[in-house]
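J.: Provide a 3D model corresponding to the input given below.
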Amino acid sequence: MARSFQHIRTIFGEFVLLLLAMTLLSVVAAFHIFDGVGQAALNRALGFAVVVPMLSAVPYAIYFVVRLTGLMQHNDGLQRAATTDRLTGVLNRPGFDTVIRRHMAALGDHQYAGLMLLIVDADHFKRINDRLGHPTGDKALKAIAGALKRSMRGSDAVGRLGGEEFAISFPCTSLEQGKAVAERLRLSIGKLSVSDGKQSARLSVSIGGAFYTTPQLFDRVYGAADVNLYHSKRTGRNRTTITSVAAHGRRYLQADGQQQNQQPARLTALPAR
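T.: Numbers count the residues shown, from 1 in each chain. Below is the predicted model:
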């Protein structure tokens, strides 16, 4: 929304400059046309040339601002709908992809000391759906998403990658700080429960994370966080596992362990799960 109003101010400023230019042109034209009919007539013509464009521009300017504001708000609404998960209200996969691109670009420009990627997966979600029903499962997803969003800043990316899996990207100064944030999220969700009116279920999540301080291929960062998530799952669930992704300068490690020359940093699409 702020960006939309910035566009409105820019366009309105251009409109004012155009109005002043046209008014000046009218004054020059009036001076030449009425120069030979006397000073009194010339003064009236010059006043007319200034006042009429100014007064006639007011309703046009008001209409212009109102219409453009409505169009900008509508466009923002469409943009939010296209990048927001309908069920939970957090970012969907394309929306999360867009924000994490900005985070990685800022990391490359040294605006951040480091970034943390967390993958958050609801524990025993199928059991909740089977025992309490899918509507209660939806409540669980909304509750988890709400807790994640409330705990993070507006500039952080909180998205739902699909099913019961969420992802978070946020600036982070150290691995320990990222661990503290992840643990806070895990504990806050552990206080939640959902009910179908007869039975209830306590919620919990397993978290895997990857901390990095240099631009990386997204697949590499996501892969590290995903491995850590499965470690949390295998070792009992309701826990966090976070490691650092080491910098490799102009080279990176592929999954098979073979080193390949690194191409310019890029962000590939989120892997399907």
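J.: can you map out the strands along the protein?
T.: 115-122, 157-162, 165-171, 193-195, 200-202, 205-212, 240-244, 251-253, 259-261 (DSSP state E).
J.: What is the burial count for Gly190?
T.: 15 (other CB atoms under 10 Å). Heads up, the C-betas are built off the backbone N, CA and C, glycines and all.
J.: Could you do the one 5 residues further on as well?
T.: Look at Ser195: counted by other CB under 10 Å, it has 11 neighbours.
J.: what about the nearest residue to it once chain neighbours are set aside, neighbour count?
T.: Distance criterion CB to CB, 6 or more residues apart in numbering; nearest residue to Ser195, sequence neighbours excluded, is Thr136 at 7.0 Å. Residues within reach of Thr136, counting by other CB under 10 Å, total 18.
J.: gap between Thr136 and Val245?
T.: 37 Å (CB to CB, to the nearest Å).
J.: Ala113 too?
T.: Distance from Ala113 to Val245, counting by CB to CB: 14 Å.
J.: neighbour-wise, which of these two wins?
T.: Val245 (22 against 12).
J.: residues contacting the more buried one?
T.: Each residue near Val245 by CB atoms under 8 Å, 6 or more residues apart in numbering is listed here: 210-212, 216, 220-221, 224.
J.: centroid residue for the chain?
T.: Val99 (4.5 Å; CA atoms, centre = their mean).
J.: okay but it is in contact with Ser169, surely?
T.: Yes - here Val99 reaches Ser169: they are 6.8 Å apart, a contact under CB atoms under 8 Å.
J.: List the residues that are in contact with both of these two.
T.: Counting by CB under 8 Å, 6+ apart, the residues touching both Val99 and Ser169 are Ala157.
J.: Make TSV from the strands of the chain and add distance to Leu17 and mean pLDDT to it.
T.: Listed next are the strands of the chain as TSV, based on distance: least, CB to CB, whole Å; pLDDT from 0 to 100:
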stretch	distance to Leu17	mean pLDDT
strand 115-122	42	97
strand 157-162	39	94
strand 165-171	39	96
strand 193-195	58	94
strand 200-202	63	94
strand 205-212	47	97
strand 240-244	53	95
strand 251-253	50	33
strand 259-261	51	33
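J.: who's in contact with the residue nearest to Ser195?
T.: 128-129, 194-196, 201.
J.: Model confidence for it, exactly?
T.: Looking at Thr136, its pLDDT is 96.
J.: And it, how far from Gly197?
T.: Look at Thr136 and Gly197: by CB to CB, they are 9 Å apart.
J.: Also Ile144?
T.: 20 Å.
J.: Neighbour count for the two, which is higher?
T.: A count of neighbours by other CB under 10 Å puts Ile144 above the other of Ile144 and Gly197, at 27 against 7.
J.: Report the buried residues of stretch 162-175.
T.: 164-172, 175 (16 or more other CB atoms under 10 Å).
J.: again, but for stretch 10-25
T.: Quick answer for stretch 10-25 (16+ other CB under 10 Å): 19, 23.
J.: quick one: it to chain centroid distance?
T.: Taking CA atoms, centre = their mean, to the nearest Å, the mean C-alpha location of stretch 10-25 is offset from the chain mean by 35 Å.
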